[in-house]
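> Give the three-dimensional model of this entry:
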Amino acid sequence: MAVTPRLDLRQSQSLVMTPQLQQAIKLLQLNNLELAAYIETELEQNPLLIRDEPGDGGGADEGPAPEQTPDGNQDDEPHIPDSAEMAEGEALVAGNEAPLDFDYDSDWDAGSTDPMTASGPGAGSDSASMTSWGGSRSFEDGDADLEQLLERPVSLRDHIMEQIETDLEDPADRMIAVALLDRLDEAGYVSESLDDVAQSLGCPVDLVEGILTKMHGFDPVGIFARSLEECLALQLKDRNRFDPAMQALVENLGLLARRDAAQLMKVCGVDAEDLAEMVAEIRALQPKPALAFDVATAQPVTPDVFLRAQNGHWTLELNNENLPKVLIDGQYHAQVSREARKKSEKDYIAECYQTANWLVRALHQRATTILRVSQEIVRQQDAFFAHGVQHLRPLVLRDIAEAIEMHESTVSRVTSNKYISTPRGLFELKYFFTSAISSNIGGIDHSAESVRHRIRDLIDNESVDAVLSDDGIADILKKEGLDIARRTVAKYREAMRIPSSVQRRREKAMRL
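All right, here's what the predicted structure looks like:
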């Protein structure tokens with residue numbers, strides 16, 4: 001067979017990862033500060049972009065218009081990738097070993113007719129701020145540079161959040177811990193009573209106290225104390241120096257402030273030399289443990305979404321107070337287009353207009369995506385917002401993704417580093433996803449946190465003559481439709497610091 005050269009024509013389809021497709025995906029996962037920094041950079045680099053100031057009628061376009069090419073024909077509008085392209089993008093990345101720092105399956109759903117999607121693509125980030133379901137939104141972002149974020153020292157909040165993620169497994173416990181974190185003052189003390197915290201979260205105060213006790217072991221030592229005395233005591237216990245004499249000294253700091261050495265020696269039962277050593281140890285402690293970190297960065301984060309109760313239903317609103325809103329300066333674009341003579345000038349104007357048009361649309365789609373995900377989370381966790389943390393239902397990313405017809409990774413990016421302000425406190429969206437305990441009668445699965453609260457209720461209501469064992473509690477829960485083992489009951493009971501049935505029976509008998 002002779003080997004001869006020939007030409008073949010073949011057709012194939014493939015998804016090319018364009019820079020705009022990559023940037024559209026990254027925009028969704030940026031937090032408020034990072035997105036604001038990105039917008040500021042675009043405003044500096046693109047002369048056709050202007051900031052939408054309140055009350056500024058300007059010459060900005062109401063919405064993007066078809067681009068004029070140098071030859072007078074209309075160019076294609078900037079392409080915003082749809083959900084199919086995003087899903088294909090992830091498949092493309094899965095088959096390509098190129099190391100990339102982002103996913104490619106974000107679902108923007110630009111053509112959605114969802115009631116949350118506001119009309120008018122030129123509205124930028126503000127065009128999707130309201131929902132009609134029970135959701136009204138307005139979104140926001142602050143200022144920070146991505147490189148600066150990588151180089152900045154760890155803040156107190158980030159340091160505590162890492163410990164919360166590591167030491168607290170239950171999502172409801174983490175919610176309580178974050179609520180306590182938000183109530184830290186500049187010195188590192190809990191500035192609000194635990195009764196108020198429990199009431200806002202709709203959970204027992206002893207549950208909040210249990211979580212606070214665990215957080216007393218966090219670094220820096222002394223954090224989450226409710227008073228100076230408790231702060232010093234926590235640090236002394238960490239050093240194994242909280243003996244009766246030192247305890248008496250901590251409980252009488254007023255005498256120390258008045259330098260009443262004679263009375264202190266009497267109260268503590270020590271001589272002058274021992275008292276001097278004890279006072280030196282007290283002075284070596286840190287009365288304001290939060291000062292080891294940057295106080296300014298330890299402030300509560302700014303929410304992306306506000307949840308409010310209005311007329312018997314929930315209303316969602318995106319927070320747009322700090323996020324710059326951008327528009328296309330139509331008057332300036334028309335002027336420079338008329339004055340441009342060289343082909344290079346016309347090409348530059350066309351590129352700037354296309355980039356500005358894309359950014360306005362991409363910001364709108366980012367806002368509507370966050371809005372849709374948040375709305376569905378509120379719908380599915382309505383019992384938590386209405387009745388408290390014990391009614392937190394099991395939820396996974398797939399539940400939200402299927403309900404709003406998006407990919408799971410899109411939901412994952414939306415819920416990371418995005419916060420919602422609710423009547424029960426400020427929570428990261430990802431904290432509403434909890435593990436489930438299945439039902440043995442074919443009903444709805446139960447959240448692990450709701451099971452913990454049921455166990456606590458059963459133990460609180462038991463009598464001295466009918467103290468429930470772990471097996472007995474498991475049998476009751478099984479009759480109520482919960483498929484739970486005795487060892488699981490024991491694990492939850494121990495996590496709540498509840499004694500065994502033998503210890504409880506002895507304690508109840510002593511009270512009689």
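> ok, S374 touching E317?
No - contact between S374 and E317 fails when scored by CB atoms under 8 Å: they sit 10.0 Å apart. Just so you know, the C-beta spots here come from the backbone N, C-alpha and C atoms, and that holds for glycine as well.
> So between these two, which is more surrounded?
Taking other CB atoms under 10 Å, S374 and E317 do not tie; S374 has more neighbours (28 against 20).
> Spatially nearest residue to that one, not counting backbone neighbours?
V305 (4.8 Å; CB to CB, 6 or more residues apart in numbering).
> Please tell me how far that neighbour sits from I39.
Counting by CB to CB, to the nearest Å, the gap from V305 to I39 is 19 Å.
> Who has more neighbours out of these two?
Taking neighbours as other CB under 10 Å, V305 and I39 compare with V305 leading, 27 against 24.
> Report the beta-bridge partners for that one.
L318, I420 (DSSP bridges).
> Now E428: phi and psi?
Per-residue torsions, E428: phi -80, psi 140 (degrees, to the nearest 10).
> residues in contact with the closest residue to it other than its chain neighbours?
Excluding its sequence neighbours, the residue lying closest to E428 (CB to CB, 6+ apart) is Y419, at 5.5 Å. Neighbouring residues of Y419 by CB atoms under 8 Å, 6 or more residues apart in numbering: V301, T302, P303, D304, V305, L426, F427, E428, L429.
> 10 Å instead?
31-32, 178, 300-305, 319, 426-431 (CB atoms under 10 Å, 6 or more residues apart in numbering).
> Go through these and flag which are in strands.
V305, L426, F427, E428 (DSSP state E).
> Just name the closest of these to G472, please.
F427 (35.0 Å; CB to CB).
> Quick check: beta-bridge partners of the closest one?
I420.
> So E209 is in contact with S193, correct?
No - if you go by CB atoms under 10 Å, E209 and S193 don't touch, sitting 11.2 Å apart.
> List buried residues within the contacts of Y419.
Those of the contacts of Y419 that meet the buried threshold are 31-32, 178, 301-305, 319, 426-431, by 16 or more other CB atoms under 10 Å.
> Is L327 located within a strand, as I assumed?
Yes - judged by DSSP: H, G, I helix; E, B strand; the rest coil, L327 forms part of a strand.
> Can you report how many residues neighbour it?
Counted by other CB under 10 Å, the residues lying close to L327 total 24.
> now swap in D182 and tell me
For D182, using other CB under 10 Å, the count is 17.
> next one: R283
R283 has 9 neighbouring residues, counting by other CB under 10 Å.
> residues contacting it?
L256.
> and what of E428?
Applying CB under 10 Å, 6+ apart to E428 gives the contacts 161, 174-175, 178, 301, 303-304, 415-420.
> Show me the strands in the protein, by range?
Assigned by DSSP E, the chain shows strands spanning 49-51, 67-68, 74-75, 305-310, 313-318, 326-328, 419-422, 425-428, 436-437, 446-447.
> closest one to A290 among the ones you listed?
strand 425-428 (18.4 Å).
> coming back round to it: quick one: the ones in strands among the contacts of Y419 as TSV, columns for pLDDT and distance to A485 too.
Converted to TSV, the ones in strands among the contacts of Y419 look like this (pLDDT from 0 to 100; distance: CB to CB, whole Å):
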residue	pLDDT	distance to A485
V305	89	38
L426	85	35
F427	87	30
E428	86	31
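> Can you spell out which residues form a bridge with the nearest residue to D382 once chain neighbours are set aside?
Distance criterion CB to CB, 6+ apart; nearest residue to D382, sequence neighbours excluded, is W314 at 7.4 Å. With DSSP bridges as the criterion, W314 is bridged to A309.
> Please tell me I have it right and W314 contacts Q375.
Yes - with contact defined as CB under 10 Å, W314 and Q375 form a contacting pair (8.8 Å).
> between those two, which one's more packed in?
Higher neighbour count among W314 and Q375: Q375, with 25 against 21, using other CB under 10 Å.
> Roughly how far does the more buried one sit from V305?
Separation of Q375 from V305 (CB to CB): 9 Å.
> Pull out the buried positions in stretch 281-288.
For stretch 281-288, by 16+ other CB under 10 Å, it's E281, I282, L285, Q286, P287, K288.
> cool, stretch 368-385 as well?
By neighbour count on 16+ other CB under 10 Å, the buried set for stretch 368-385 is 368-378, 380-381, 384-385.
> about what we covered before: among the contacts of Y419, which one lies nearest to D185?
Distance to D185, by CB to CB, is smallest for P300 among the contacts of Y419, at 11.4 Å.
> For this protein, give me the ranges with low pLDDT.
Along the chain, the model assigns pLDDT under 70 to residues 1-2, 15-18, 20-21, 53-153, 294-300, 322-324, 435-449, 506-512.
> And the residue nearest the centre of it?
E428 (2.1 Å; CA atoms, centre = their mean).
> residues near Q11, how many?
Neighbours around Q11, by other CB under 10 Å: 4.
> nope, H453 is what I meant
21.
> Quick check, it in contact with V389.
Yes - if you go by CB under 10 Å, H453 and V389 touch, sitting 7.9 Å apart.
> Thank you kindly, that will do.
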